[in-house]
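A.B. asks: predicted coordinates and the sequence they were generated for:
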Amino acid sequence: MVDKGIEHLISARKSLKLILDKSQALWFSLEKIGPRLDEINQRLPSLEAAVRPIRAQEDALIVVGGHINRAVVPATAVLKVFDAIHGLEKSLSDPESDLLGYLGILKRLKEALMFLGENCGMAIQWLADIVEYLQDHKVADGRFIANLKNALEQLRELQVNEEKGCLDGGLLKAALDRLENEFRRLLTENSMPLAMSSSPLPGEQPCIATSPLPVAVIQKLQAIFGRLIANNRLEKCISIYIEVRSLNVRASLQALNLDYLEISVSEFNDVLSIESHIAQWGKHLEFAVKHLFEAEYKLCNDVFEKLGLDVWMSCFAKIAAQAGILAFLQFGKTVTESKKDPIKLLKLLDIFASLNKLRFDFNRLFGGGACAEIQNLTRDLIKGVIEGVCEIFWELSIQIELQRQVSPPADGSVPKLVVFIADYCNKLLGDDYKSILTQVLVIERSWKHERFHERLLNDELRNLIRAVELNLEKWSKSYEDIVLSYIFLMNNHWHLYKHLKGTKLGSVLGDSWLREHEQYKEYYSAIFLRGSWGKLPALLSREGLILFSGGRATARDLVKKRLKAFNEAFDDMYKKQSNWVMLDKDLRENTCQVVVQAIVPVYRSYMQNYGPLVEQDTSANKYAKYTAQSLEKMLNSLFQPKPVKYGSFKIRQSSEKFNDGVKS
């Protein structure tokens, strides 16, 4: 019994000790849990606030759960796509090194953004519906509903600003900007100015190197603007293309030294001052059109072919305008607006010939509606050229007539007007100008609904020469010395005969006209000799010089008297006629020879027979002043030309006078 009691005590003691150990462990645990309970106690208010909005019954919460799931599913999908978009940013490669890969990622990025654009609204609407449900069924309190509505409003603002790149944080815009830069780089690095010669040899075409963009580059450009078009950036793409290619063409033209294109009307001294520029203008314009703009026309077609005719023609038109075609046309227009001058007529015909030569190229390259500005300026230029040519041409005879009031050359030479008109008319009838002038006159007549016949051109040229002939008649009568008028008429009739014989103008005037002027020359040559030098031999008369015995002194006195009279007449005539001029060498030599034949043989014979009567006299040098050889040399030196500068004459208004209009 005692033993059993002891066992119970031992067992109780163990149990009590075990309980004490557990209590102690629990105490230690509670001691550790205390701070956590304090933390939980602090969080309870916020947890209570979070749980507080949902106070509906269990069955109501079950019903609203389905609505919440339907709203959360599309919202979750949108969030996943949004995350995927930002994941693409890491995949964007360098477009220069991997263009196709870059374009592929851009396509995916665009598709993802389209998904966001299409589904964000749906997700927001679903969320709005569930908020409205919560509010209507009072599942949550008002403050909670207000917070949800505020969040939804922020989402709607993001959706509205989608086009501004808010949803992707500007990723697509930055990627497209890089693509535009790659478009510019490809164009710039493959657009090289053409190598050309600024001063080709006569008849030689300027040497150029072809510069079409490589096919691979064109394909890359097309791939790039295809993606840019898909993102509404076509205009920016085209503006880059126009800028780069325009600068390239302008760089190509710089080698030609086109500063003269900037000359203004006020800077013109006369047409002669820019004659070389007009010649250059035609060559440069042909080169620019046939090589530079032709290449740009083809390249625009190659690059933008898939976008349609209107797009690439508009692109080409802007390149042509910015690169310099308008400056070429404006220069021509400036020439038409300068002062009237017969030489200007030839230059206007040169301009018309250049434009006519390029007519088919202009119609093909600049014929579209996009080139309206170029077309209008070209039409204005052609109209100005035709009107300028016709105005000058039909007024030439009037302008020649106006010069009759001007004094002729004091030396009896050929007025520069006569030289100019003869050469000028032959130029108009030459191969370089006749067909062009005829074409211009035909167009001018058609504007007046009249027909043009070639005889009208020939008749007008005859009128010009007839006006010159009338001028000669008037001028010849203005000389006080009638002998000088003979020299003047001889000079001019011979000039017309010699310089028009065998020419196109001579053919128009006819052989009888030419023979008439040749005969006039012979006539005035004869009366010139008779009225001047032909009088001198009579002064060396032999009358009374028969030597009878004791009459030597009388004969000597007669010889002295007659030699003195001859010398005085010769010196006076020589001094006067030394200032007279015959420009034509043949005429001059022939006239001098006629004078020599009229004077020298008579003088030689006279001196051989009667010279000894005075040669032994102390004053012999006073009477035997010349030898036959010295006379011949002096006579052959007559009518030598002075330095002459021939030029044009200015077209004036009928009320104005010409200054030095006919002098040589």
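C.D. replies: Structure received.

A.B. asks: so where's the stretch 551-664 of the chain shaky on pLDDT?
C.D. replies: 551, 618, 643-664 (pLDDT under 70).

A.B. asks: mind redoing it with 80?
C.D. replies: 551-555, 615-621, 642-664 (pLDDT under 80).

A.B. asks: how about the one helix or strand Y520 maps to: buried residues?
C.D. replies: Per DSSP states H and E: Y520 is located in helix 511-531. By neighbour count on 16 or more other CB atoms under 10 Å, the buried set for helix 511-531 is W513, L514, H517, E518, Y520, K521, Y524, S525, I527, F528, L529. To be clear about C-beta, it is placed using only N, CA and C from the backbone, and glycine gets the same treatment.

A.B. asks: just stretch 621-636 next, same as before
C.D. replies: Going by 16+ other CB under 10 Å, stretch 621-636 has these buried residues: Y623, A624, K625, Y626, A628, L631, E632, M634, L635, N636.

A.B. asks: ok, now stretch 579-590?
C.D. replies: For stretch 579-590, by 16+ other CB under 10 Å, it's W580, V581, M582, L583, D584, L587, R588.

A.B. asks: looking at the residues you listed, which one is closest to L299?
C.D. replies: L583 (58.3 Å; CB to CB).

A.B. asks: surely the closest one touches H495?
C.D. replies: Yes: L583 sits in contact with H495 when judged by CB atoms under 8 Å, with a separation of 7.4 Å.

A.B. asks: identify the contacts common to the two.
C.D. replies: Taking CB atoms under 8 Å, 6 or more residues apart in numbering as the contact rule, L583 and H495 both touch V414.

A.B. asks: and the angle for the strand or helix carrying N491 with helix 511-531?
C.D. replies: Using DSSP H and E, N491 falls within helix 482-500. Relative orientation of helix 482-500 and helix 511-531, computed by axes from the mean of the first three to the mean of the last three CA atoms, to 10 degrees: 150 degrees.

A.B. asks: give me the number of neighbouring residues for the residue nearest to F352 when sequence neighbours are not counted.
C.D. replies: Spatial nearest neighbour of F352, excluding adjacent residues (CB to CB, 6 or more residues apart in numbering): V385 at 4.9 Å. Counted by other CB atoms under 10 Å, the residues lying close to V385 total 25.

A.B. asks: what does V311 give?
C.D. replies: That count, for V311 with other CB under 10 Å as the rule, works out to 16.

A.B. asks: packing partners of the helix or strand hosting V217?
C.D. replies: Using DSSP H and E, V217 sits within helix 215-230. Helices and strands touching helix 215-230, by 3 or more CB pairs under 8 Å, 6 or more residues apart in numbering; DSSP states H and E, are helix 99-136, helix 171-190, helix 234-254, helix 294-304.

A.B. asks: quick one: contacts of the last one?
C.D. replies: Outside of helix 294-304, the residues that reach it under the criterion CB under 8 Å, 6+ apart are 210-213, 218, 221-222, 225, 238, 241, 245, 249, 311-313, 315-316, 319-320, 323, 361, 365.

A.B. asks: helix or strand next in line after it, which one?
C.D. replies: helix 309-323.

A.B. asks: and for the third one?
C.D. replies: Past helix 234-254, heading to the C-terminal end, the next element that is a helix or strand (DSSP H and E) is helix 275-287.

A.B. asks: mind giving me the packing neighbours of that following helix?
C.D. replies: helix 325-336, helix 342-357.

A.B. asks: of those, which is nearest D571?
C.D. replies: Closest to D571 of those, according to CB to CB: helix 342-357, at 43.5 Å.

A.B. asks: contacts for the closest one?
C.D. replies: So helix 342-357 is contacted by 270-272, 275, 278-279, 281-282, 285-286, 332, 335-336, 338, 362, 378, 381-382, 385-386, 388-389, 392-393, 396, 399, 420, 424, 427, 433, 436-437, 439-440, 648-649, 651 (CB under 8 Å, 6+ apart).

A.B. asks: can you count the residues close to F566?
C.D. replies: What F566 shows, counting by other CB under 10 Å, is a neighbour count of 23.

A.B. asks: meant to ask about S619, not that
C.D. replies: 9.

A.B. asks: rewinding a little: dump the buried residues of stretch 579-590 to JSON lines, plus secondary structure.
C.D. replies: Formatted as JSON lines, the buried residues of stretch 579-590 follow (DSSP: H, G, I helix; E, B strand; the rest coil):
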{"residue": "W580", "secondary structure": "coil"}
{"residue": "V581", "secondary structure": "coil"}
{"residue": "M582", "secondary structure": "coil"}
{"residue": "L583", "secondary structure": "coil"}
{"residue": "D584", "secondary structure": "coil"}
{"residue": "L587", "secondary structure": "helix"}
{"residue": "R588", "secondary structure": "helix"}
